[in-house]
Structures are given as structure tokens and as C-alpha cells.
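# what's the 3D shape of this:
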Amino acid sequence: MEYKDYYKILEVDKTASANDVKKAYRKLAVKYHPDKNPDNKVAEEKFKEIGEAYEVLKDPEKRKKYDQLGSNWRHFQQSGGHDSDFDWSRYASGQQGQGYSYYQGDPNDIFGNTDFSDFFETIFGGSSRATGGKRRHRTPAGQDLHADLHISLEDAFHGGPKTFSINSEKIRIKLKPGVNDGQTLRLKGKGASIVPNGPRGDLYLKIIINPHPLYQRKGNDLYHDLAVDIYTAILGGKATVRTLHGAVNITIPAGTANGKVLRIKSKGMPTGKTYGDLYLTINVQIPTQLSEEEQDLFKRLRDMQKQDTYVS
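Below you'll find the predicted structure:
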């Protein structure tokens with residue numbers, strides 16, 4: 001039986017940080033994942049090894065005790081390198097030999113009731129070699145996946161069914177009306193499996209709402225720039241506003257200044273049984289091409305305004 005070097009399996013140094021271990025695991029797990037290597041037994045075994053190594057090295061306590069127990073492998077080799085030549089019960093029972101320090105306790109307290117390799121079964125007394133008991137197995141839990149789902153503001157407003165693909169699998173979900181940008185949905189059992197035909201983890205789906213050409217969303221309120229001609233801004237009038245609820249007719253008050261904000265209640269995003277508001281920022285349009293007659297009229301208005309100023 002060969003010594004399993006978990007650091008070598010994950011391609012990291014023994015001084016590697018927890019973050020380095022995590023990055024190495026993710027990189028190798030993607031490379032050897034069964035979905036990317038169908039019917040590849042070598043990749044399958046490599047994937048299992050990677051998972052076993054990460055299970056130990058990701059946890060500071062497990063890693064510390066693995067390093068401690070691993071250092072005693074020399075004593076095993078000195079005994080001839082055969083199971084029958086070495087007293088494994090001393091490791092399982094917690095007895096200590098002169099000049100050596102052994103782990104005292106149940107190895108399952110360290111690693112959980114997990115289906116590890118013969119290497120660990122032998123060292124920790126989890127198999128019939130040390131205790132005469134039955135080897136305990138537990139199918140590895142599935143692997144969680146994370147993905148982004150890009151949707152339009154209209155999709156977020158109306159909600160409803162949405163279909164997308166993850167690793168060539170089509171998944172259909174139902175969005176709640178008013179779903180927020182950055183909101184994460186958990187889809188149970190839609191993640192990946194560690195071993196072929198094993199249980200699957202969960203899929204965590206982050207909602208990304210694409211920028212809209214007309215509206216900005218802040219919470220459940222919507223903001224929109226409304227172009228108004230100078231005549232309506234001065235004299236007042238009607239305007240039709242396109243909203244996510246449909247077309248809405250509003251009144252522009254006389255003397256509306258550029259940049260003035262009008263509020264339309266309950267025309268924003270849905271939140272339960274109510275809605276946010278729609279805020280319209282008035283953008284007064286100044287005519288750039290005027291006929292001579294129009295220019296004369298504006299000059300007369302300007303002169304009249306000056307006369308009113310002098311009188312007051």
C-alpha cells in the first residue's frame with residue numbers, strides 16, 4: 001500500500017495557504033470532472049483522489065492531524081512496508097510507542113463517516129485490519145455549482161417561466177415578479193455529482209438584470225427621462241408615457257422647468273401585491289431649426305418679457 005501525498009495530488013506545496021488549496025482543487029476538479037471526461041476511468045479515479053485530498057486539506061484541523069499522522073509513515077516503512085508486519089492497533093487504540101506520537105481518538109471524528117481510500121482505512125483503524133469491524137461507506141455529497149442568469153427588466157417585471165442550460169442540461173425555473181438584480185436562487189439537486197450517478201449538489205443562480213435603454217431601477221422604483229417640447233413645458237399639456245404597465249397619459253403642468261421630476265404612483269416594479277413608483281425627469285427640448293417667422297415670434301416674446309421686468 002502506497003502513501004497518499006495529498007499535497008502532490010492537489011499540486012500544492014505543504015506550505016500552501018487555504019486559498020491556494022481551494023484554487024488548486026477547483027482547477028483540477030473542473031479538469032477531471034466526469035461530465036467533461038465521460039467513460040474515462042483514469043479521470044474518474046483522479047477526480048475521486050482530488051476530492052479526498054481536498055476533504056482533508058481544506059479543514060485546518062484535519063490538515064494538521066493528517067500532517068501529524070503522515071509523519072509516522074516512516075515507522076510503517078521500517079516495519080517492512082506490509083500491513084501484516086505492523087501493529088495498526090496502536091494507532092486505532094491510541095497507544096503510544098517510545099519515541100513516537102500517535103493520534104488518539106476515532107478517525108471518523110476527524111474526517112466524518114466518509115468512504116476514504118485503503119490508505120486512510122489502514123492508518124486510522126477504520127477497516128477490519130485494525131478493529132475487525134466493517135468498513136463504513138458514505139456516498140460523497142454532491143458538488144454545488146454557481147451560475148449567472150441574465151434577464152431583461154421586462155422579465156424581472158412580469159416574472160414567469162425561464163429556460164436556460166447548465167453543462168448541456170436544460171433547466172426551467174419560474175421567476176417571481178419583481179425579482180431583484182443580484183438576487184440568488186437556490187435550485188436543489190441541480191448541481192454536480194462527485195461520483196458518477198451519485199447525489200447532486202445544489203445550483204445557486206445569481207440573477208443579473210441587463211441595463212434597460214429607457215429605465216433605471218432603484219429598489220422597486222423606476223426612473224425615466226421624459227422629453228417634452230418647449231411649448232408644452234411653457235403652456236402645459238398632455239403627454240403619453242410608455243411604462244412597463246402599458247401606455248399612461250399624464251398632464252404636464254404649465255411652466256414645467258427642465259429637470260423637474262414628476263412622480264407617477266404605482267407604476268414601478270411589483271413587490272408582493274403592491275408596486276413601486278415611476279419617476280419622470282423632464283427634459284425640455286429646445287428647437288434648433290426655426291423659420292424666420294418663428295424667430296421673430298421668440299424675439300417678440302423676449303422683448304415682452306423685458307418690458308414686464310422693467311414694469312415690475
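
# only C-alpha atoms for contact and neighbour calcs from this point on.
OK.

# what about the strands in the stretch 51-200 of the chain?
Assigned by DSSP state E, counting those that start in this stretch, the stretch 51-200 of the chain shows strands spanning 145-151, 160-166, 169-175, 184-187.

# The ones you listed: which one's closest to residue 22?
Evaluated over the strands of the stretch 51-200 of the chain, closeness to residue 22 peaks at strand 145-151, with 14.7 Å, by CA to CA.

# Remind me what the closest one packs against, helices and strands.
Counting contacts by 3 or more CA pairs under 8 Å, 6 or more residues apart in numbering; DSSP states H and E, strand 145-151 packs against strand 203-209.

# ok so, going back, can you redo the strands of the stretch 51-200 of the chain as JSON lines with mean pLDDT?
Below are these laid out as JSON lines (pLDDT from 0 to 100):
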{"stretch": "strand 145-151", "mean pLDDT": "95"}
{"stretch": "strand 160-166", "mean pLDDT": "93"}
{"stretch": "strand 169-175", "mean pLDDT": "95"}
{"stretch": "strand 184-187", "mean pLDDT": "96"}
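
# So which of these is the most surrounded?
Mean neighbours per residue, mean count of other CA atoms under 10 Å, is largest over the strands of the stretch 51-200 of the chain for strand 184-187, with a mean of 16.

# closest to residue 210 out of the strands of the stretch 51-200 of the chain?
Comparing those by CA to CA, strand 145-151 comes nearest, at 6.0 Å.

# Tell me what the residue nearest to the spatial centre of the chain is bridged to.
Ranked by distance to the mean C-alpha position of the chain (CA atoms, centre = their mean), the top residue is residue 146 at 4.5 Å. As for beta bridges, residue 146 partners with residue 204 under DSSP bridges.

# Tell me how far stretch 217-233 lies from the chain's centre.
34 Å (CA atoms, centre = their mean, to the nearest Å).

# Quote the end-to-end distance of it.
Taking CA to CA, to the nearest Å as the measure, stretch 217-233 stretches 26 Å from start to finish.

# In the stretch 51-200 of the chain, where is pLDDT below threshold?
69-140 (pLDDT under 70).

# re earlier: from residue 184, how far off is the residue nearest to the centre of the chain?
Residue 146 is 9 Å from residue 184, by CA to CA.

# Find residues that contact each of the two.
204, 205, 206 (CA atoms under 8 Å, 6 or more residues apart in numbering).

# Show me the helices in the stretch 1-150 of the chain, by range?
6-9, 18-32, 41-57, 60-70, 73-78, 89-93, 107-111, 118-124 (DSSP state H, counting those that start in this stretch).

# tell me what the top helix by length along the chain is packed against?
Looking across the chain with DSSP state H, the single longest helix is helix 292-311. When contacts are defined as 3+ CA pairs under 8 Å, 6+ apart, helix 292-311 packs onto no helix or strand at all.

# List the contacts of it.
Against helix 292-311 from outside (CA under 8 Å, 6+ apart): no residues.

# I'd like the average pLDDT over that helix.
Mean pLDDT, helix 292-311: 82.

# got it, and stretch 229-243?
Stretch 229-243 comes out at a mean pLDDT of 95.

# end-to-end on it?
Termini of stretch 229-243 sit 20 Å apart (CA to CA).

# Can you show me the strands along the stretch 201-312 of the chain?
Using DSSP E, counting those that start in this stretch, strands in the stretch 201-312 of the chain cover 203-209, 215-218, 221-229, 237-243, 246-252, 261-264, 270-271, 274-275, 278-285.

# Rebuild those as TSV, extending it with mean neighbour count.
Shown next, in TSV, are the strands of the stretch 201-312 of the chain (neighbours: other CA atoms under 10 Å):
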stretch	mean neighbour count
strand 203-209	19
strand 215-218	16
strand 221-229	18
strand 237-243	14
strand 246-252	12
strand 261-264	15
strand 270-271	18
strand 274-275	14
strand 278-285	20
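
# Figure out which of those is closest to residue 178.
Short answer: strand 270-271, nearest of the strands of the stretch 201-312 of the chain by CA to CA, at 4.9 Å.

# Can you give the strand pairings for that closest one, parallel or anti for each?
Applying DSSP bridges, you get strand 274-275 (antiparallel) as the partners of strand 270-271.

# Just the residues contacting the strand it pairs with, thanks.
In contact with strand 274-275 (CA under 8 Å, 6+ apart) are residues 220, 266, 267, 268, 269.

# that older thread, among the strands of the stretch 201-312 of the chain, which comes closest to residue 41?
strand 203-209 (26.0 Å).

# Kindly calculate the angle that the closest one makes with strand 169-175.
Following axes from the mean of the first three to the mean of the last three CA atoms, to 10 degrees, one obtains 60 degrees for the angle between strand 203-209 and strand 169-175.

# Just give me how far strand 203-209 sits from the chain centre.
The answer for strand 203-209 is 6 Å, by CA atoms, centre = their mean.
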